[in-house]
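**Student:** Give me a model of this one.
(5 chains)
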Amino acid sequence: MVRYFQKMSKKISQVPGALIHVGEQRDHKVNISLMTYDADELSEVNINEIDESTYSPDEKSLKWLHLDGVHDIEHIKGIGEFFGIHSLALEDILNTGHRPKIEDFESYQFAILKMLRYDTLDKQVKVEQISLILGPNFVISCQESKYEIFSNVRQRLRKGHNRLRKWGSDYLFYTLLDTIVDNYFTVLENIGEELEEMEADLMNNSKQDSIHELHKTKKDLVYIRRLVWPLREMIGNVLREETDLISEKTSPFLRDVFDHIIQVAETIDTFRDMVGGMQDLYLSSMSNKMNEVMKVLTIIATIFIPLTFIAGIYGMNFNTQASPFNMPELNSPFGYIGVWIIMILTGVGMIFYFKRKKWL
Amino acid sequence: MVRYFQKMSKKISQVPGALIHVGEQRDHKVNISLMTYDADELSEVNINEIDESTYSPDEKSLKWLHLDGVHDIEHIKGIGEFFGIHSLALEDILNTGHRPKIEDFESYQFAILKMLRYDTLDKQVKVEQISLILGPNFVISCQESKYEIFSNVRQRLRKGHNRLRKWGSDYLFYTLLDTIVDNYFTVLENIGEELEEMEADLMNNSKQDSIHELHKTKKDLVYIRRLVWPLREMIGNVLREETDLISEKTSPFLRDVFDHIIQVAETIDTFRDMVGGMQDLYLSSMSNKMNEVMKVLTIIATIFIPLTFIAGIYGMNFNTQASPFNMPELNSPFGYIGVWIIMILTGVGMIFYFKRKKWL
Amino acid sequence: MVRYFQKMSKKISQVPGALIHVGEQRDHKVNISLMTYDADELSEVNINEIDESTYSPDEKSLKWLHLDGVHDIEHIKGIGEFFGIHSLALEDILNTGHRPKIEDFESYQFAILKMLRYDTLDKQVKVEQISLILGPNFVISCQESKYEIFSNVRQRLRKGHNRLRKWGSDYLFYTLLDTIVDNYFTVLENIGEELEEMEADLMNNSKQDSIHELHKTKKDLVYIRRLVWPLREMIGNVLREETDLISEKTSPFLRDVFDHIIQVAETIDTFRDMVGGMQDLYLSSMSNKMNEVMKVLTIIATIFIPLTFIAGIYGMNFNTQASPFNMPELNSPFGYIGVWIIMILTGVGMIFYFKRKKWL
Amino acid sequence: MVRYFQKMSKKISQVPGALIHVGEQRDHKVNISLMTYDADELSEVNINEIDESTYSPDEKSLKWLHLDGVHDIEHIKGIGEFFGIHSLALEDILNTGHRPKIEDFESYQFAILKMLRYDTLDKQVKVEQISLILGPNFVISCQESKYEIFSNVRQRLRKGHNRLRKWGSDYLFYTLLDTIVDNYFTVLENIGEELEEMEADLMNNSKQDSIHELHKTKKDLVYIRRLVWPLREMIGNVLREETDLISEKTSPFLRDVFDHIIQVAETIDTFRDMVGGMQDLYLSSMSNKMNEVMKVLTIIATIFIPLTFIAGIYGMNFNTQASPFNMPELNSPFGYIGVWIIMILTGVGMIFYFKRKKWL
Amino acid sequence: MVRYFQKMSKKISQVPGALIHVGEQRDHKVNISLMTYDADELSEVNINEIDESTYSPDEKSLKWLHLDGVHDIEHIKGIGEFFGIHSLALEDILNTGHRPKIEDFESYQFAILKMLRYDTLDKQVKVEQISLILGPNFVISCQESKYEIFSNVRQRLRKGHNRLRKWGSDYLFYTLLDTIVDNYFTVLENIGEELEEMEADLMNNSKQDSIHELHKTKKDLVYIRRLVWPLREMIGNVLREETDLISEKTSPFLRDVFDHIIQVAETIDTFRDMVGGMQDLYLSSMSNKMNEVMKVLTIIATIFIPLTFIAGIYGMNFNTQASPFNMPELNSPFGYIGVWIIMILTGVGMIFYFKRKKWL
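**Tutor:** Model (predicted):
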């Protein structure tokens, strides 16, 4: 449950906008990296605190501030004060169980997203909350752990001579968004492969465990779906409203991300349908298999019960001397052989009958 | 049923707007507490009746009037007349089975909400109706019982030096709303933990009771969902329409509550999906378990039935002296041992066959 | 089926607007009652026919015309001609299988509703169609039977000194609507209690009949739902469009009825969910119960089959004198006791094994 | 499948607007009947070809052209050229598998509908496509077969002195539409009666066939639903857009047809719910019945197996002379009677036990 | 899975708009065919590269450029640069797992569609992505393989004297769209026939395999549905927005394609309903069949068990000489015959009883 529902009790009965970290306990030292760049130059520094000595907001160059941890409230508070971020937005950055959203605060856009990663060891989907703030000439991104999601964005920035360096902060914002959404495809591919294996397994032989695995995968899909669906609506809103912060040049790129999100959402729904179909298949093949076993066993019993009855008959101790009507077969020289013949005929007859009825 | 559907027969064939209390019978003395405050000062009094001696509407300070019971019709009537509340709104305050809503009466906003509490003893969700009236410089809140929901709001008011004291009545209104919605999270956390336990139970061994518990939880979720969903739409409406009573400053806070309600609604739906999945899991593991039992038992029977038949054969009383063809085995010195060998071979053969067929 | 679908074959191949009564055959004498009232005075007469001698349309006072039967086409025709009602509206009044609707004919509003009554004897929901016509200073209401639905409205009119007498015809229209919708709550309460009983029954012991009762209740709910849902949309439309016929004063009351209808609709849906849950519960407890029985019986059989086999062994007639290897146990002085000990050990062993496996 | 999906392969790789007949093969001679009428006069002729000698478009009188077959492409082509109908509309007339629609071609309205007929012999719903073209002073209707659907419209036209003769072509158009929709009610009545019978059958005793019949009915309902639902939306569009071709006088009548279509659609959905409920009922009563049988049979077996065991004990051949411990019962004078008593007690005891456990 | 979800990992961590081929590996030489035509003349050439020597954009004649492969990135890049296509569009052409869409890039329309083909050998639906670019006087189409989908369009162009030659590039665009959508009908016809066969099979005798086939078909339908549904919305958008690129003359033809897509979508949904119904039917007939078998076998066993018990009784070895009460039947001259009579009566009685209970 922990994965599906962040405990928020800590937050309850707190002043709204109170800065409290909600989520998995972490204690690594938070690093703030600052990239300052324009088409020509780029500098990278790690800073401890954001203030006027480390950050000059009036420069023409673009700035990307990245935090690799949100459990240190002081950092978040400092950034909030420096950039004039609404206390409710700061609260949401700290609450790692928040649902994805994009909110327009006029002087900046605030987005909460979930980064998904498929842990191939645990065969489990890991989730991390990413918050993005898009200002006129800066982007702030916060993630929960030190896992390097944006390393290839960093590479591209360093390489230079590309749109990232030439275009505005909105394009960097888009690139971060795109990187996160691209990761969804990797996760879906992994789940897809897992499903493929499970289906092949099911077609061949159904094990008891399969249903537990299917149940787990279904739960994962329900969970991921909840993280992706809100995005669909949100980015759609951004595209319709077209704020000043997002230039016309960047719009088609955002539309492209929107397309990807819809594809992710549709794929999740297709996967859910597939899991549903596989559950039905599992149940029906389990019950078919069981029925087959029971049928064969019952047929064996059914064939032998009448034969045992016949044997029982001639095990009776009627006094053959008291009357010629009392079991004369017992004294007949062909009695035993006759009984065997009758029993074999009965058994074979029943097998034939069951075969004709297609019960065997 | 009582919990899911308030009996309204008392109300039927009454004049519309007639003041009749509908709901759980209560008879504690209703207390009216009045908090008068501005940024500098705060006074708290308990009053018996609302009239011009106890309440001066023209003062600049804000007022919060709280009733801890709605079964005393005289109080509600008095307040209604003093503040000029529409008789239909009064009727709704008294009808504790009313569905949640926010209605705009121009000179005031009227909201009906449900306070949820998880009773850890009964493992049951308790519901109480809260009515809120937001006027230009006052808030009236009515609850059903003396349970102290708003104690921490009261604390924050008393402490002073915060937004609550400095901002208008709309912020108090928001704070009360927020307190109620925060409680939903606590309830969901409790249900979530219960579900987690139930799922672990199910994975290990399924008891007959589980299905009853699942059924109960599902019913609770259906019920809570019905109390939360209308809110979603309602607060959305308030945000769109933007009345004079709610200042621009407070709007982002209301949007935050709106986000929380959506998260509550989504979590409820996720929980419903989970309960559904657990029901399926329960049914399939119950039937698997049963099938396993039946299979093993049937196999035991199936192995012994042919053996019993063989024993039956040699229990027949054919006269071995009447003919050499009559059961010569009986007189053979190796007859008995031979039969044992045949029986053991048959039994072991069948076990091998069943093993190869993966029936055992 | 008769209850769920009015046969309309009579109507087919008729001129549109042709006046033909469709529905349950009735032959009581239709009574037309006319109430003429204003804030000061009130007169009640029963009239046979509507014409200028019995009805003076120019008077300032309000008029409520009520028909307690629609099977007498002449009456409907006469009213239609006198008030200038569209022939299609008259056709709909006569067709008691029509779906609920509210239609705006500019000079009057025309509403078709279903009155629900719970017959406690038959435990069945009875339905009657009510048509309402709201004109500027009159209301016409038609019902199918002589059942007195509006008796308390009549009482309130007679009593005087209330809104009904003081306000316009739209308030009378609202009051009739409200009376009908209030009856839905009574019906739902009855169904709710029935469901509660059925659920308690199910929890204790499931009878074969339960599923038939559940099926019947579900069908009833599907049916009622169909009668209530259209109203939801219809009254919503009336509220949005705000015709001249409905004054601003009456609007909040209509909104209140609208709220009630939504609550009725939601309660029906909750009940449907509950019936669905109870069906699942019934099926799973039936199958659990059956499985328990089968398991115990199979275990008894399984224990005795090997024992019978052992007894069968020593019922074999091998000649103990032909060889010392032929059943020496039979002549051993402890043979019989030994066999009993073996059999008891086998039986007890199996019971222990089954207990440890939790099969018993 | 033929009924549910017209094969369109013939059409593929054809020029769009190519005139190819798709649907059931027919070869009767197509008759074109032309009715020319105004309030005073009416003439009826059958014509072979439409040209200026047989049809004078400038006359003031209204014209109704009816084709009882669409397999003769020449006729359709001729009409298309004479009246200037778009080639795509002609293509749709010929394609009898087209989905229902109403399309506005400015100078005329083009409608495709499905006529349903319940064949009481086959207990099957027959479908025929009807195309209607509404021009300013003419209506063209095409059907597939010679089945006389519109005979009563013809009768009313001949009788005269009614709206049909006095109003415009739009009223004739409405009348044809109404006739087709009225037929839906007849079909639903038939299906309803069938369902009623099937339900009564199910309540009493469930036969194997029932499930096949239910399956067939469900498929029919899915099919009819697909033919009716598009109409719902389409007529709604016509009502909103209000073309010149449809006068204000006729609008309420179209709204009436719209109401009927909604009622048909809702009834179909109710029927589907009912079939679903009946399938559940069938399955649960089948499984109940089967379980009852199995239970009784298993109980009989379970009672006799221990008794057979007891009998088996005393069939053992232990040498009573070898030791006094070897089956002394056999020589006891009350042995046999004692065994009977034990067996009867065991049997009766088990029956009592099973009764108390409510297994019998 | 490969068929249902294109692996996109190659694309991840790439610059947006990077040209990377995603999809099935192919290596045939890509052919670019260029048709230049107007009402009078037509020329066809195969070109290797698009540049000003092979393509003169200023000519008045229309041009259709067709690529039979998208795995050669250079070609796509060349075309993109020559025509000024947005890099995101080029990226989508190369990504053969893209969802269908139509996007308006002002100076051109860009469409992605899926071509479906039913491979009658594998009984499998094959999918190929087709990209279409509609410019003011050209159409570019790209497909994945060399399969000739548009051969009949080519034929019609060569034949001349038709709309294709006379109208603009939008009509060619429509014709390609129409050709693709027409192919959906062929695929649906094939699936429909398969379903028909499967249903007939199910009605007669249900094999274990059927459920796997049904599962496969359902998966196919889910998949196709995902490819068709987006089109529905997309073409609807194009029709509403009416760009300059699509003339008014061509609009009704696009509406016709829209109708076809809706029909395809509805047919897919009907097929899904049918498959669902068939799965239910399969499960219930499988379980009925199994139950029938089990019942008959259990009845046989049940009849013989009491008979075996009777035989067991008279196999007991009580000493008839020890007491006259010890099994006097054994010495009675009619003992044996009596036992047979009792056994036959018991057996026949049970059969009668079972018959009356309708168990046989």
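
**Student:** what kind of secondary structure is whatever residue of chain A ends up closest to chain D in?
**Tutor:** In chain A, the residue found nearest to chain D is residue A:315; the distance is 6.5 Å by Cβ to the nearest Cβ. Glycine gets a C-beta too; all of them are placed from N, C-alpha and C. In three-state terms, and counting by DSSP: H, G, I helix; E, B strand; the rest coil, residue A:315 is coil.

**Student:** Distance check, residue A:72 against chain C.
**Tutor:** In this structure, residue A:72 lies at 46 Å from chain C, with Cβ to the nearest Cβ, to the nearest Å as the measure.

**Student:** which non-adjacent residue is nearest that residue?
**Tutor:** With Cβ to Cβ, 6 or more residues apart in numbering or on different chains as the measure, residue A:30 is the residue that lies nearest to residue A:72, at 4.5 Å, once sequence neighbours are left out.

**Student:** Then residue A:35?
**Tutor:** residue A:64 (4.4 Å).

**Student:** So what pairs up with that neighbour in the strands?
**Tutor:** Each beta-bridge partner of residue A:64 is listed here: residue A:35, residue A:139, as defined by DSSP bridges.

**Student:** from what I can see it touches residue A:142, true?
**Tutor:** No. With contacts counted by Cβ atoms under 8 Å, residue A:64 stays clear of residue A:142, the gap being 12.0 Å.

**Student:** ok, now which ones touch the nearest residue to residue A:224 once chain neighbours are set aside?
**Tutor:** Leaving aside its sequence neighbours, residue A:224 sits nearest to residue A:268 (Cβ to Cβ, 6+ apart; 6.0 Å). Taking Cβ atoms under 8 Å, 6 or more residues apart in numbering or on different chains, we find residue A:268 in contact with A:188, A:221, A:224, A:225, A:228.

**Student:** By neighbours, which of those wins?
**Tutor:** Per-residue neighbour counts (other Cβ atoms under 10 Å in any protein chain shown) across the contacts of residue A:268 peak at residue A:188, which has 25 neighbours.

**Student:** The residue of chain A closest to chain D: neighbouring residues, count only.
**Tutor:** 26.

**Student:** related to what we said a few turns ago, now list whatever residues contact both of residue A:64 and residue A:142.
**Tutor:** Here residue A:64 and residue A:142 have no joint contacts, going by Cβ under 8 Å, 6+ apart.

**Student:** Closest residue of chain A to chain C?
**Tutor:** residue A:315 (6.5 Å).

**Student:** That residue: what's it in contact with?
**Tutor:** Contact criterion Cβ under 8 Å, 6+ apart gives B:312, B:315, B:316, B:317, C:315, D:315, E:311, E:312, E:315 as the residues in contact with residue A:315.

**Student:** mind running it again at 10 Å?
**Tutor:** Contacts for residue A:315 were tallied using Cβ atoms under 10 Å, 6 or more residues apart in numbering or on different chains; they are A:308, B:311-317, C:312, C:315-317, D:312, D:315, E:311-312, E:314-316.

**Student:** likewise residue A:53?
**Tutor:** For residue A:53, counting by Cβ under 10 Å, 6+ apart, the contacting residues are residue A:47.

**Student:** tell me the pLDDT at it?
**Tutor:** Looking at residue A:53, its pLDDT is 79.

**Student:** Then the one 5 residues further on?
**Tutor:** Reading off the confidence values, residue A:58 has pLDDT 74.

**Student:** One more: residue A:144?
**Tutor:** The pLDDT attached to residue A:144 in the predicted structure is 90.

**Student:** For it, which non-adjacent residue is spatially closest?
**Tutor:** residue A:128 (4.6 Å).

**Student:** where does the one you found fall, helix, sheet strand or coil?
**Tutor:** Applying three-state DSSP: residue A:128 is strand.

**Student:** same check, this time on residue A:24
**Tutor:** Assigned by three-state DSSP, the conformation of residue A:24 is coil.

**Student:** what residues are up against the residue nearest to residue A:72?
**Tutor:** Applying Cβ under 10 Å, 6+ apart, the residues contacting residue A:30 are A:48, A:67, A:68, A:69, A:70, A:71, A:72, A:74, A:75, A:76, A:142, A:146.

**Student:** just the residues you listed now: which is nearest chain B?
**Tutor:** Here the nearest of these to chain B, counting by Cβ to the nearest Cβ, is residue A:76; it sits at 16.8 Å.
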